[in-house]
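Asker: build me a structure from this.
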Amino acid sequence: GFVGKIVELMFISMLYLIDWCLGCSFLKYVGIYYFGFCEVASVVESVAKLNSNVPMALVEVLNDVKASFSTLIVKKIKALLDKFIEKE
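Answerer: Just a heads-up that it's a prediction; the model follows:
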């Protein structure tokens, strides 16, 4: 609930700081879009539990996309940090 939202805001703030330190400008947007997508998926899942008109297949697809997107984010951030470490 509330603690999770605070952690998300702290994570996005950390991404802003990393963007500033590395001189890039995309990590903060990736974080914002990721957490936004997660919230939309959560809302769809909640509506699907309350209303049987929403297909559970949609919820499963959103969860699969969320999982693959998070894996992609981790790989991209790791590649960016590896490249930054090699420069030093």
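Asker: going forward, measure contacts between C-alpha atoms and count neighbours the same way
Answerer: OK.
Asker: for residue 50, give me its contacts.
Answerer: Contacts for residue 50 were tallied using Cα atoms under 8 Å, 6 or more residues apart in numbering; there are none.
Asker: could you say what helices and strands the lengthiest helix in the chain packs with?
Answerer: When the chain is parsed with DSSP state H, its longest helix is helix 56-87. Where contact means 3 or more Cα pairs under 8 Å, 6 or more residues apart in numbering; DSSP states H and E, helix 56-87 is packed against helix 27-50.
Asker: and the average pLDDT for the helix it packs on is what?
Answerer: What helix 27-50 shows for mean pLDDT is 82.
Asker: what's the angle between it and helix 56-87?
Answerer: Angle of helix 27-50 versus helix 56-87, following axes from the mean of the first three to the mean of the last three Cα atoms, to 10 degrees, is 160 degrees.
Asker: point to the residue nearest the middle of this protein.
Answerer: The residue lying closest to the centre of the chain (Cα atoms, centre = their mean) is residue 34, at 2.6 Å.
Asker: list the buried ones in stretch 41-58?
Answerer: In terms of neighbour count (16 or more other Cα atoms under 10 Å), stretch 41-58 has its buried residues at 41, 44, 45, 48.
Asker: make a markdown table from the residues you listed and add distance to residue 28 to it.
Answerer: Shown next, in a markdown table, are these (distance: Cα to Cα, whole Å):
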| residue | distance to residue 28 |
| --- | --- |
| 41 | 20 |
| 44 | 24 |
| 45 | 26 |
| 48 | 30 |
